[in-house]
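# Just the structure for this:
(one chain, ligands or ions: 2)
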Amino acid sequence: MEQKKEVSIVISVYNEEKSLPELYKALTHSLAKTPFSYEFLFVNDGSTDNSLTLLSELMLKDLRVKIVNLGKNFGHEIAMTAGMDHARGECVIFMDADLQHPPQLIPQMLQHWQNGYDLVLTLRKANMDQGLGSKFMNKVFYRLINFLSDDKIPANMPDFRLIDKKYIEVLKGMREQKRLFRGLINWMGIKNHALIEFEAPRRFAGETKYNVRKLISLAIDSIISFSIKPLRIASYFGIITAFLAILLGIYFVFEFLNNPDYSFSGFGTTLVMVILMGSVQLVVLGIIGEYIGRIHMESKKRPLYFADFMEQKQNQP
Ligand code: UDP
Ligand code: MG
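Ligands and ions are numbered 1, 2, ... in the order given. Presented below is the predicted three-dimensional model:
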């Protein structure tokens, strides 16, 4: 009999003890009739609840379950990277553990892959979990990234996606510490992709792990790792203010020539100018600092994570 193709499913887990049993049930149920073999790579991202125990139990009863146990909480982006590094399948599917990425869509994704697509993306039409505030933040996040960055990242396309092995090899070559996984995939510009629309249900249990602070930091990291536009904007800023200053200077000279009694009055104006120029310089220095900081961090070439890999040996009785 022809050997079934193996598909790797990478699932990032951070304190998801309440969702895991339901997720595992939904996965096995959704995939039961598909003509593939699977490895479920659960990446435990330093959970402090019972997630690891639950995963170990699953691993003992199901050969397909494997665990990449990260040494501490490295964050979602690194968790996905660690899962990808350990994946052995012909394609890799990335998903969240909170059931916001419905396992029922996986057979459809695999169908597209079978039809020759190298990348299968998902488009979230609605997210039942997002309130107005969070929707707004999301919009700002993508507007900002896409304005400042050279590679455009579409909004509402979550990390729930399938990628063929050949591109996984390319992704593995990108080892930057600060990473937005979606951005890296986007950077490859894979033309040959399919799209599946879906409605994200509410989180099955627990709370989102992203707060405003984490989102802002992700946005800054994403902008800086994909673009040097902010540096250019900083230079334009300098050029524009210098130009304005020259105009102002010319104006004062004319005033002085036309009106001999004219005196440069206005301590206030001077103060405003000094403060304005001072703050512009600080902003520009800050932007440059962000880039230099990244160079400093990346130049250390530290490993992205450390982890134990756990799987049940195939030949156990
Ligand atoms: N996650 C992770 N490490 C973290 C934070 C989150 O691995 O530091 C996982 C989390 O368990 C979930 C996925 O990443 O499976 C997405 O997180 P979350 O649902 O909190 O994000 P949201 O859906 O609200 O964007
Ligand atoms: Mg979620």
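# Write out the residues of this structure neighbouring ligand 2.
Within the chain, the residues that sit near ligand 2 (CB under 5 Å from the ion) are 96, 98, 100. Glycine gets a C-beta too; all of them are placed from N, C-alpha and C.
# ok, now with 6 Å
Taking CB under 6 Å from the ion, the part of the chain that reaches ligand 2 is made up of 96, 98, 100, 203, 208.
# As CSV, these with distance to ligand 1, secondary structure and neighbour count would be great.
As requested, those are arranged in CSV below (distance: CB to the nearest ligand atom, whole Å; DSSP: H, G, I helix; E, B strand; the rest coil; neighbours: other CB atoms under 10 Å):
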residue, distance to ligand 1, secondary structure, neighbour count
96, 4, strand, 23
98, 5, coil, 27
100, 5, coil, 21
203, 6, coil, 20
208, 3, coil, 12
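# Let me have these in a markdown table, extended by distance to residue 310 and pLDDT.
Formatted as a markdown table, the residues of the chain next to ligand 2 follow (distance: CB to CB, whole Å; pLDDT from 0 to 100):
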| residue | distance to residue 310 | pLDDT |
| --- | --- | --- |
| 96 | 21 | 97 |
| 98 | 22 | 95 |
| 100 | 26 | 94 |
| 203 | 26 | 88 |
| 208 | 27 | 84 |
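# of those residues, closest to residue 109?
Residue 109 lies nearest to residue 96 out of the residues of the chain next to ligand 2, by CB to CB, at 14.6 Å.
# what sits against residue 146?
Taking CB atoms under 8 Å, 6 or more residues apart in numbering, we find residue 146 in contact with 152, 153.
# Recalculate using a threshold of 6 Å.
Residues near residue 146 by CB atoms under 6 Å, 6 or more residues apart in numbering: residue 152.
# and the helix or strand hosting it, anywhere near ligand 1?
Element membership for residue 146 (DSSP states H and E) is helix 132-148. No. Figure legend: helix 132-148 not in contact with ligand 1 (CB under 6 Å from any ligand atom); closest approach 8.2 Å.
# what distance separates that helix from the centre of its chain?
Distance, stretch centre to chain centre, for helix 132-148: 13 Å (CA atoms, centre = their mean, to the nearest Å).
# and if you look at stretch 224-232?
Worked out by CA atoms, centre = their mean, stretch 224-232 lies 17 Å from the chain centre.
# And that stretch, what's buried?
Neighbour counts over stretch 224-232 (16 or more other CB atoms under 10 Å) mark 224, 225, 226, 227, 230 as buried.
# For the fourth one, list the residues it contacts.
Residues in contact with residue 227, defined by CB under 6 Å, 6+ apart, are 148, 149, 150.
# Please repeat the previous calculation with a cut-off of 8 Å.
148, 149, 150, 151.
# Now it: closest residue in space, sequence neighbours ignored.
Closest residue to residue 227 apart from its sequence neighbours, by CB to CB, 6 or more residues apart in numbering: residue 149 at 4.1 Å.
# isn't that neighbour right next to residue 220, touching?
No. The criterion here is CB atoms under 8 Å, and residue 149 misses it with residue 220 at 11.3 Å.
# Comparing the two, which residue is more hemmed in?
Remark: of residue 149 and residue 220, residue 149 carries more neighbours, 21 against 17, as counted by other CB atoms under 10 Å.
# and that one, what does it touch?
183, 222, 223, 226, 227, 229.
# Please repeat the previous calculation with a cut-off of 10 Å.
Residue 149 makes contacts with 180, 183, 186, 222, 223, 224, 225, 226, 227, 228, 229, 230, as judged by CB atoms under 10 Å, 6 or more residues apart in numbering.
# Out of these, the closest to residue 58 would be?
Nearest to residue 58 among the contacts of residue 149, counting by CB to CB, is residue 180 at 29.6 Å.
# residue contacts, that closest one?
Applying CB under 10 Å, 6+ apart, we find residue 180 in contact with 77, 145, 149, 153, 159, 186-187, 218-219, 221-223, 225-226.
# okay if I get the buried residues of stretch 224-232 as a markdown table plus distance to residue 15?
A markdown table is the format used below for these (distance: CB to CB, whole Å):
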| residue | distance to residue 15 |
| --- | --- |
| 224 | 29 |
| 225 | 27 |
| 226 | 30 |
| 227 | 33 |
| 230 | 34 |
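# if you look at stretch 298-306, does any of it touch ligand 1?
No. Figure legend: stretch 298-306 not in contact with ligand 1 (CB under 6 Å from any ligand atom); closest approach 11.3 Å.
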